[in-house]
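*Asks:* no FASTA, just this:
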DNA sequence: ATAAAGAGGACTAAAATGGTCCTATATGGA
DNA sequence: TCCATATAGGACCATTTTAGTCCTCTTTAT
C-alpha cells in the first residue's frame, strides 16, 4: 500500500514533537512519555535519525537531541530516507539495482520517473509542515495530471 | 523506501505486456514465458488483477485474460490497489484506521494530505504510459513545491 | 566518583511476503 | 460425450522483513 513502516511513522511524530519545542534538548525518555511509546523503541528511532543527520545528539547528563537544521529545512524525504533508506518504488529505482528482467520488463524507466515525481513531492513537504497542528491546506487536485498527461498521450503515439 | 511489493512490480510488467497486444486473450503460461517468471506466480498475480477488475478472464480452452478497459483508463493507482489494497502512507490514511495515538500524534492530518497528493499523482499515470517502451518525458521538477509551499509557509504562522 | 544520557550492536518474536500446489469449475473441440 | 486446456479459489509453507528489547560501552555534568 506504499505504506511507511511504523518506525518511520514514529520518526515523523517524534520529529514533530521536537520541532514544536526546538530550543532545548529532548531525551529519549521524555519523548517516549510524550508520544506514549516504549522507551527502547523511541531510543532506536532517535539513533537512526541522528545517524541520518537530522538530529544532533549530546551525550552525558543533560544530554538529548536537538534538530540539526531548522524545521523548514528538513523534508519528509529526509525523514523517510533516514529510517528506510533511499526512496524508490522498485528495485531498479536506485543505481545499485541489479534486476535481471530489465530487458523483458519494459516499464523500469517509467517507474523511475514516477518515483522521481514522488520524491520531488516529498521534498516539498517539510517538518515545519508536518509539525503544524492544523492540517496542511494543499489543494485537493494537484496539477500533476496536466503536466504528465499531455506529453504522455503524444508519447504513446510515437511508436 | 516506499517500495512496491514484488507482486505489484510483476503486475505492472504483466499489464504492460498485455497492453502492448490488447486484441486477444493471453494465458498465464504465455505471459510467464514472456516475462520470465514462474507460472504459479504469474497466475496468482493475474487472479488478483482480475479480482480487482482490471482484467477480464475467460476460462476453458482458448481462455486467458484481456484488459477490461483501455490502457489509458487503467491507472498506476488501480494496479497498486489491486495487489496491495488501498494506497496510503500511514495506518490512519484510510477510514478504518484505529490509531490510538491520534491525540499525541499531531501529524495524522498532514500525512493524509501527502498520501492524497501521491494518490493523485499515481492516478495521473496510466497503463498506457507505463507500457510505452521509451521513458515517459515527465519534467524532472514537477511544480508541486510551488503549490504546496506558499500556503504552507503561511499556515505555519497561523498559530 | 557518580548518575544520566546516547552509541552500537546482538538478539528474538511476530508479521508480511513470496511462492507453490491442489481441487473445483468452465469451455471449446474431436 | 469426453478430454484437454484454462481460470477460480484457497490452503499451505519458507523466507524475509520488521518491530521491539536488551546489554555493554562511552561521554559528560555535577
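*Replies:* Nice, thanks for sending it over. What you are looking at is a predicted structure, and each value in this text was computed from that prediction instead of being measured. Residues are numbered from 1 along each chain as shown, chains lettered A, B, ... in the order given.
*Asks:* Now residue A:13: which helix or strand?
*Replies:* Per DSSP states H and E: residue A:13 is located in helix A:6-20.
*Asks:* what about that helix and DNA strand D, touching?
*Replies:* Yes - against DNA strand D, helix A:6-20 shows contacts by Cβ under 7 Å from any atom of the strand at A:6-7, A:10. Backbone N, C-alpha and C define where each C-beta goes, glycine included.
*Asks:* Tell me the most packed of the residues you listed, by neighbour count.
*Replies:* residue A:10 (23 neighbours; other Cβ atoms under 10 Å in any protein chain shown).
*Asks:* Spatially nearest residue to that one, not counting backbone neighbours?
*Replies:* residue A:45 (5.1 Å; Cβ to Cβ, 6 or more residues apart in numbering or on different chains).
*Asks:* Tell me how far that neighbour lies from chain B.
*Replies:* 14 Å (Cβ to the nearest Cβ, to the nearest Å).
*Asks:* Need the phi and psi values for residue A:73.
*Replies:* Per-residue torsions, residue A:73: phi -110, psi 10 (degrees, to the nearest 10).
*Asks:* residues contacting residue A:74?
*Replies:* For residue A:74, the contacting residues are A:15, A:19, A:54, A:67, A:126-127, by Cβ atoms under 8 Å, 6 or more residues apart in numbering or on different chains.
*Asks:* at 7 Å instead, please
*Replies:* Residue A:74 makes contacts with A:54, A:67, A:126-127, as judged by Cβ atoms under 7 Å, 6 or more residues apart in numbering or on different chains.
*Asks:* In strands only, show me those residues.
*Replies:* Judged by DSSP state E, those include residue A:67 as members of strands.
*Asks:* do stretch A:21-33 and chain B meet at all?
*Replies:* No - under the criterion of Cβ under 7 Å from any Cβ of the partner chain, stretch A:21-33 makes no contact with chain B; the nearest approach is 9.9 Å.
*Asks:* Quick one: mean pLDDT for that stretch?
*Replies:* Averaged over stretch A:21-33, pLDDT sits at 96.
*Asks:* how many neighbours does residue A:40 have?
*Replies:* Neighbour tally, residue A:40, other Cβ under 10 Å: 10.
*Asks:* will you turn the contacts of residue A:74 into TSV that also has distance to residue A:85 and neighbour count?
*Replies:* Formatted as TSV, the contacts of residue A:74 follow (distance: Cβ to Cβ, whole Å; neighbours: other Cβ atoms under 10 Å in any protein chain shown):
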residue	distance to residue A:85	neighbour count
A:54	14	25
A:67	21	19
A:126	20	25
A:127	19	26
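*Asks:* Adding pLDDT, write the contacts of residue A:74 out as JSON lines.
*Replies:* Output for the contacts of residue A:74, formatted as JSON lines (pLDDT from 0 to 100):
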{"residue": "A:54", "pLDDT": "98"}
{"residue": "A:67", "pLDDT": "98"}
{"residue": "A:126", "pLDDT": "95"}
{"residue": "A:127", "pLDDT": "96"}
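*Asks:* where does chain A dip in pLDDT?
*Replies:* Low-confidence segments of chain A, defined by pLDDT under 70: A:1, A:92-103, A:133-159.
*Asks:* let's see it at 50
*Replies:* A:95, A:97, A:138-159 (pLDDT under 50).
*Asks:* Can you pull the residues of it lying near DNA strand D?
*Replies:* A:5-7, A:10, A:38, A:40-41, A:43-44, A:58-63, A:84.
*Asks:* For these, which entry has the maximal number of neighbours?
*Replies:* residue A:10 (23 neighbours).
*Asks:* what does chain A have sitting close to DNA strand C?
*Replies:* Proximity of chain A to DNA strand C is confined to A:26-29, A:43-44, A:46-47, A:50-51, A:57-65 under the rule Cβ under 7 Å from any atom of the strand.
*Asks:* Among those residues, which lie within strands?
*Replies:* A:57-58, A:64-65.
*Asks:* Out of these, which is nearest to chain B?
*Replies:* Nearest to chain B, judged by Cβ to the nearest Cβ, of these is residue A:65 at 17.7 Å.
*Asks:* Nearest residue to the closest one in space, ignoring adjacent ones along the chain?
*Replies:* In this structure, residue A:65 finds its nearest non-sequential neighbour in residue A:55, 4.5 Å apart by Cβ to Cβ, 6+ apart.
*Asks:* Run through the residues that contact the one you found.
*Replies:* A:46, A:49, A:65-68.
*Asks:* Among the contacts of residue A:74, which one lies nearest to DNA strand D?
*Replies:* residue A:54 (17.0 Å; Cβ to the nearest atom of the strand).
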